[in-house]
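Visitor: Just the structure for this:
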Amino acid sequence: MEKRYSIREIPAPGGKIDYEKALNPRQAEAVLHGDGPLLVVAGAGTGKTRTLIYRVARLVELGHTPSSILLLTFTRRASEEMLRRAALLLDRRCEKVAGGTFHAFANSLLRRYASAAGFGENFTILDRADAQDLIGLLRHEIHAGHKTVRFPKKETLADLFSRAVNREEEIEPAVEREAPHFLYCLGDILAIQRLYERTKRERNLMDYDDLLVRLVALLRENEPIRRAVSETYRHVLVDEYQDTNRIQAEILRLLAAAHDNVMAVGDDSQSIYSFRGANFRNIMDFPADFPGAKVVFLEENYRSRQPILDVTNEIIARAAEKFPKRLFTSRSGGEKAALLSAPNERIQSAFVADRILELHEEQGIPLSEIAVLFRAAYLSFDLELELAKRHIPYRKFGGFKFLETAHVKDVIAHLRVIDNPRDTLSLSRALMLVPGIGRKVSADLYRRAHEEASLLPVLSTLKKRRGSEEASLLAKLLSELSGREAGGQGGTLPVTEIVARVIGYYRPLMEGRFDDYPRRLKDLDHLESLCARYKTLSDFLSEITLEPPQASVGDIAAPEGEEESLTLSTIHSAKGLEWKAVFIVWVLDGKLPLSRAAEEEEEMEEERRLLYVAATRAKDVLVMTYPVNIYERASGTVLSRPSRFVEEIPAGVLPRFALIE
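Guide: Sure, this is the predicted structure:
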């Protein structure tokens, strides 16, 4: 049946939004800005999204055609949500504003001007997996003839190529910085990259990075198209400008060629993604890139209490380069932030777990409003064991599930065989790692060990294998460390020594299996430190199996009957989020900032911004902790100082406490 009615939205009385009533003075200044470039330096929790939404509504209300307004964000969902909220604020015209990610925008333009860009309009976009598969085929072509040396896998090559593109640098410095252990095969890596670029061109393919690179080339080299595009989008708004890379910044400059009506919103103090190609200089250089730009500072914070902001202001005040701003709030009162030292990691974990329970049970703060943040995923493993013992449900974001990573499972398999020589399942995994022992040989040895309920026949066979040094080393390792067979001494050795010897045996095998083995070594170092609190290997293996350090990406369900869970997160994964209570653990010089960051001033400055981002997540409670006397194998030093970024804060702003065992 045909509808006999239509629905028309009724505009707000007078058709006008009272911006000055709805916004604070600085937000209103940004929203009511006329034509010309505008940079909004929005401190943490100061309402940058609200400002962008009202700016969209304001431009539409002034009569600008919605399709002439372009809103660029880092996720499609972010732009859709902003335009939805702008439509609720004004009317449905706001939904017709052009919005999306840089990549989606580039795709639409390149299809419109495909021939000018040198591609057919039906070009195919390769996703990450497609790109890796193509690189894998070309890798085989280049490297198949000489497999006498180890060579990076397709995933590693794809990552290196992408990082080089996003940083606008050659492959050599990318390899030197990200994977120096592959510099010996740089020639082949370059050959694969050249072949990859040629193959994409010949087959009318583009990967994600090409979308940006080809768009820049099109706009830079074709003046009529550049002017037509710039005339089409008379107002361009960009969110999270501190996270843009050099290519995205140039796209913005080219889009503004005909008008300079650009609004960039971001926070220089929250630029923490240089490893993805984000360029801190983009936001700092905006006034120079767009002469005459107006700069508006949003400093009124709606998230945190003032004692917390006093700490965050101190953290960032000593940054080498920054826009001058000092966050303030009407949310006065509340307890001061605190910095606590612990005699070891175990006491740090126990204190954090105790304090979480106190906040939850005594102060009524939901677990979902509490977070523990850390610089790297492996730094939470000990705390995860403590939380599991206390039956505190949690979800972890960032990093991988500790016991589900292949390298940790490999080491655990060897330890289980040492602890229980009849564990033929773990034995099978250990055998499969030995070069020259395939599934058939492994299955035969596995079966013999199972039938005879003994490890001895396997050890005997391994010792007799010719041409396999690794097989002999495995036999020697298991013979010496097994506490119950072959005269082993595993029952008398400290757990830390057993684990250290297994890792020493496994390390060369890991280096042969994984291109990113330097990163994985940190997990094994931490596994070694985790076992120090246990008297026997059996105790250690039992606890991490029954109550394993869990992890990641929010896929761990809360226990039955629990409606909420604590959040554990890397700082990078926590950006943009907030909680009533935030604990930052391992605020230890050498871990935050990382020791290696001292080599580069830019890296050290980003480490400072990381701590700032972490601290600004807290609404009401902020606690920072660090263990002392931590031996760092990479630098050969003992770490005991608090992070230099908090050590310099006056005690009146950040009180210090010591936990005593």
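Visitor: Residue 661: neighbouring residues, count only.
Guide: Each residue near residue 661 was counted by other CB atoms under 10 Å, and the total is 8. Yep, even glycine has a C-beta here, placed from its N, CA and C like the rest.
Visitor: just use 33 as the starting number from now, easier for me
Guide: Sounds good: first residue 33 from here, last item residue 693.
Visitor: That one and residue 375 touch, don't they?
Guide: Yes - at 5.1 Å, residue 693 and residue 375 qualify as touching, with contact defined as CB atoms under 8 Å.
Visitor: show me what contacts residue 227?
Guide: Neighbouring residues of residue 227 by CB atoms under 8 Å, 6 or more residues apart in numbering: 170, 173, 174.
Visitor: Kindly report the same for residue 213.
Guide: residue 550.
Visitor: Helix or strand for residue 183, just tell me which one.
Guide: Residue 183 belongs to no helix or strand when assigned by DSSP states H and E.
Visitor: how far away is it from residue 231?
Guide: Per CB to CB, to the nearest Å, residue 183 is found 19 Å from residue 231.
Visitor: More neighbours: those two, which one.
Guide: Under the criterion of other CB under 10 Å, the comparison of residue 183 against residue 231 puts residue 183 first, with 19 against 15.
Visitor: Ramachandran angles for that one?
Guide: Listed backbone geometry of residue 183 is phi -140, psi 140, with angles given as degrees, to the nearest 10.
Visitor: how about it, what does it touch?
Guide: Residue 183 makes contacts with 171, 175, 214, 217, 220, as judged by CB under 8 Å, 6+ apart.
Visitor: gap between the helix or strand encompassing residue 462 and the chain center?
Guide: Taking DSSP H and E as the criterion, residue 462 maps to helix 456-464. Helix 456-464 has its C-alpha centroid displaced from the chain centroid by 33 Å (CA atoms, centre = their mean, to the nearest Å).
Visitor: can you count the residues close to residue 308?
Guide: Counted with other CB under 10 Å, the neighbours of residue 308 add up to 13.
Visitor: ugh, typo on my part, it should be residue 464
Guide: One way to gauge burial is a neighbour count; for residue 464, by other CB under 10 Å, it gives 16.
Visitor: how close does it sit to residue 548?
Guide: For residue 464, the distance to residue 548 - CB to CB - is 21 Å.
Visitor: cool, and residue 342?
Guide: Separation of residue 342 from residue 548 (CB to CB) stands at 40 Å.
Visitor: Those two: which has the busier surroundings?
Guide: Taking other CB under 10 Å, residue 342 and residue 548 do not tie; residue 342 has more neighbours (20 against 16).
Visitor: Weed out the non-buried ones from the contacts of residue 227.
Guide: 170, 174 (16 or more other CB atoms under 10 Å).
Visitor: which strand is the longest one in this protein?
Guide: strand 650-659 (DSSP state E).
Visitor: So what's the gap between that one and the chain middle?
Guide: Averaging C-alpha positions (CA atoms, centre = their mean) puts strand 650-659 21 Å from its chain's average.
Visitor: packing partners for that strand?
Guide: In this structure, strand 650-659 makes packing contacts with helix 338-349, strand 370-374, helix 377-393, strand 611-616, judged by 3 or more CB pairs under 8 Å, 6 or more residues apart in numbering; DSSP states H and E.
Visitor: So which of those is the most surrounded?
Guide: For the helices and strands packed on strand 650-659, average neighbour numbers computed from mean count of other CB atoms under 10 Å are highest in strand 611-616, which has a mean of 25.
Visitor: what residue lies at the spatial centre of this structure?
Guide: Note on the chain: the residue nearest the mean C-alpha position is residue 604, at 4.6 Å, using CA atoms, centre = their mean.
Visitor: Looks like that one contacts residue 305 (just checking).
Guide: Yes - using CB under 8 Å, residue 604 and residue 305 qualify as a contacting pair, with a distance of 7.3 Å.
Visitor: Pass me the low-pLDDT residue ranges in the stretch 333-482 of the chain, would you?
Guide: Applying pLDDT under 70 to the stretch 333-482 of the chain flags the ranges 431-436, 454-457, 468, 470-482.
Visitor: can you do 80?
Guide: Low-confidence segments of the stretch 333-482 of the chain, defined by pLDDT under 80, span residues 430-437, 452-460, 464, 467-482.
Visitor: Lowest-confidence entry in the contacts of residue 227?
Guide: When those are sorted by pLDDT, the bottom entry is residue 173 at 77.
Visitor: quick one: that one is in a helix?
Guide: Yes - under DSSP: H, G, I helix; E, B strand; the rest coil, residue 173 falls within a helix.
Visitor: Skip the chain neighbours and tell me the closest residue to it.
Guide: Closest residue to residue 173 apart from its sequence neighbours, by CB to CB, 6 or more residues apart in numbering: residue 227 at 7.1 Å.
Visitor: name the element that neighbour belongs to?
Guide: Residue 227 is part of helix 218-235 when elements are defined by DSSP H and E.
Visitor: Equivalent analysis for residue 290, please.
Guide: Secondary structure here is read from DSSP H and E; on that basis residue 290 sits in neither a helix nor a strand.
Visitor: Distance-wise, check it relative to residue 94.
Guide: To residue 94, residue 290 is 19 Å away according to CB to CB.
Visitor: who has more neighbours, these two?
Guide: Here residue 290 and residue 94 are set side by side on neighbour count (other CB under 10 Å), and the busier one is residue 290, at 15 against 9.
Visitor: Identify the residues contacting the more buried one.
Guide: Residues in contact with residue 290 (CB under 8 Å, 6+ apart) are 259, 262, 263.
Visitor: give me the element the last one is part of.
Guide: Think residue 263. Here residue 263 is assigned to helix 255-264, by DSSP H and E.
Visitor: For that helix, give me every contacting residue.
Guide: For helix 255-264, the surrounding residues in contact (CB under 8 Å, 6+ apart) are 99-100, 141, 145, 148, 250-252, 286-291.
Visitor: how does it look with 7 Å?
Guide: Applying CB atoms under 7 Å, 6 or more residues apart in numbering, the external contacts of helix 255-264 come out as 100, 141, 145, 148, 250, 251, 286, 287, 288, 289, 290, 291.
Visitor: Past it, which element shows up next along the chain?
Guide: strand 267-270.
Visitor: in its sheet, what does that following strand sit against?
Guide: In the sheet, strand 267-270 lines up against strand 101-105 (parallel), strand 294-298 (parallel) (DSSP bridges).
Visitor: So residue 397 sits against residue 391, correct?
Guide: Yes - under the criterion of CB atoms under 7 Å, residue 397 makes contact with residue 391 at 4.6 Å.
Visitor: so what sits against both of the two?
Guide: Contact criterion CB under 7 Å, 6+ apart; residues bridging residue 397 and residue 391 by contacting each: residue 613.
Visitor: one step back: can you point out the buried residues in the helix holding residue 462?
Guide: Going by neighbour count (16+ other CB under 10 Å), the buried part of helix 456-464 is 456, 458, 459, 460, 461, 462, 463, 464.
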